[in-house]
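**Student:** sequence first, then the predicted structure:
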Amino acid sequence: MTAQGRRLLYIAPAFLSYRLHKVVRGVQVFDMLFIRDLLAMGIDITLPAEISWRPQLRQRLTLPDGRRPRFRWTPPLIKPQWNGMFANLLVHGRFDTVYLGNCVRGAVPMVDMLRTRRMVGRLVIQANRVPRPPVERALRRWTDARIVAVSELVKSGFSPDLRQRVEVKYGLVDAQDYSPRADGPVPTGQPLTHFFLLGKLDTPVKDAPAAIRAFAALPEPIRARCRLHLVGYPDPRDAGELPPGAIAYTWMDSADIAAFVRTMDVLLVTSTTETFGQSAVQAMLSGLPTIASDLPTMREKLDPPEGVAAGDAESRRAGLIYRTHDELVAHMAALATDPARRAAMGRVARARALERYVWDSAGFAREYFGVG
């Protein structure tokens, strides 16, 4: 079965909410890149979206040859649930596949209405987070739906009767943009070591203050040779008072992140929760080690594989896990003063990311959409 003529309804809950003054990040970037790949494969995509997204989506989702989705603009009804239900009035015919880009409660009525109208061929659902009870009740009704989670952590949050239906598959669509710096690791004599955080740092779950406190606590001779880059905030002043050597940035466009990461040395992930850890994968693909809080998604990425002998553990690390403030400070000091260790971890990190966390749009479309 070829891609030509395949009809796909792509439901991205983020695009069904009001977007003015919001920054495009994370799952929205994934959706845009995935949609572009699917368009390039010749898939006929219908994309419902709230009208405030129109300039952004038209710009980002139009291919050089002019191909773009069949946009169905909804009025500014604020909530994804209301926009999703309105979108049912704008879409017609039967779709070979309906893809739900995140299993959020607000999308359930829309999918139910599509199924009642017999517009759904196959139904594929991406779970970026653990579903709430109303979503799980819907999944029990949608017995033919295929469910794909972004991590083992998200899969483990499903109820046992649903968990057996969940597959784990996720990664960076633009993984090819991330690579180590062309001149290799920073030489031993390099005067500065650049630590960085990357994400929506004005949210408590990122716990940027933990990184700031740890940087301030570095021994002065070490801290003087380091910089801490905090990317990003709606307004850099939101970072508060910073110690010397710490720099706060406003939001960075997704197209500029790969080049920025290549100028850094060590990623910090001080989050209190992460369902996937996109910034860690960006750093890994760039050949950089990560120091991260003790979270399952971070241990999976950074720790040596299970069964590795204690003597081989160091050579199989892609970074370091910390559990306390003092441990974070110690890890930062250790990597700041040991470029050879940073380089070794970076090589492991890149190899692991290439093996596990590269998104294959064509492969996904073959397996889940029946295209190929």
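**Tutor:** Alright, I've got the coordinates.

**Student:** what residues does stretch 321-333 touch?
**Tutor:** 195, 210-211, 213-215, 217-219, 222, 226, 266, 268, 270, 291-294, 298-299, 302-303, 320 (CB atoms under 8 Å, 6 or more residues apart in numbering). For the C-beta atoms, the positions are set from N, CA and C on the backbone; glycine is no exception.

**Student:** lowest confidence element among the helices and strands of the protein?
**Tutor:** Using mean pLDDT, DSSP states H and E, the weakest-scoring helix or strand in the chain turns out to be helix 80-87, at a mean of 76.

**Student:** for Thr273, grab phi and psi.
**Tutor:** When read as degrees, to the nearest 10, the backbone of Thr273 gives phi -160, psi 150.

**Student:** list the contacts for it?
**Tutor:** Going by CB under 8 Å, 6+ apart, Thr273 touches 205, 295.

**Student:** mind doing that once more with 6 Å?
**Tutor:** Thr273 sits next to Val205 when contact means CB atoms under 6 Å, 6 or more residues apart in numbering.

**Student:** do the same with Arg70
**Tutor:** Per CB under 6 Å, 6+ apart, neighbours of Arg70: Thr46.

**Student:** gap between it and Ala127?
**Tutor:** Using CB to CB, to the nearest Å, we find Arg70 at a distance of 26 Å from Ala127.

**Student:** repeat for Ala365
**Tutor:** For Ala365, the distance to Ala127 (CB to CB) stands at 18 Å.

**Student:** one more: Cys226?
**Tutor:** Look at Cys226 and Ala127: by CB to CB, they are 38 Å apart.

**Student:** same question for Cys103.
**Tutor:** With CB to CB as the criterion, Cys103 and Ala127 are 5 Å apart.

**Student:** higher neighbour count, Cys226 and Ala127?
**Tutor:** Ala127 (28 against 22; other CB atoms under 10 Å).

**Student:** the more buried one bridge partners, please.
**Tutor:** Following DSSP bridges, Ala127 is listed with bridge partners Ala149.

**Student:** contacting residues for it?
**Tutor:** By CB under 6 Å, 6+ apart, the residues touching Ala127 are 103, 149, 154.

**Student:** which strand or helix spans Asp326?
**Tutor:** Assigned by DSSP states H and E, Asp326 belongs to helix 325-336.

**Student:** pull out the buried positions in that helix.
**Tutor:** Using 16 or more other CB atoms under 10 Å as the test for burial, helix 325-336 gives 327-333, 335-336.

**Student:** can you report how many residues neighbour Glu220?
**Tutor:** Around Glu220 there are 8 other residues, counting by other CB under 10 Å.

**Student:** just Gly157 next, same as before
**Tutor:** Neighbours of Gly157 (other CB under 10 Å): 17.

**Student:** swap in Ile125?
**Tutor:** Ile125: 26 surrounding residues under other CB under 10 Å.

**Student:** and Gly66, by the same measure?
**Tutor:** Using other CB under 10 Å, Gly66 has 6 neighbouring residues.

**Student:** how much space between it and Ala217?
**Tutor:** 55 Å.

**Student:** circling back to that earlier point, just the angle for the next helix or strand along the chain from the helix holding Asp326 relative to helix 325-336, thanks.
**Tutor:** Going down the chain from helix 325-336, the next helix or strand is helix 339-356, by DSSP H and E. Using axes from the mean of the first three to the mean of the last three CA atoms, to 10 degrees, the direction of helix 339-356 lies 100 degrees away from that of helix 325-336.

**Student:** how far does the helix holding Asp326 sit from its chain's centre?
**Tutor:** Relative to its parent chain, helix 325-336 has a centroid offset of 26 Å by CA atoms, centre = their mean, to the nearest Å.

**Student:** can you check the pLDDT for the residue most central in space within the chain?
**Tutor:** Relative to the mean C-alpha position of the chain, the nearest C-alpha, by CA atoms, centre = their mean, is the one of Gln278, at 3.9 Å. With respect to pLDDT, Gln278 scores 94.

**Student:** brilliant, that's me finished.
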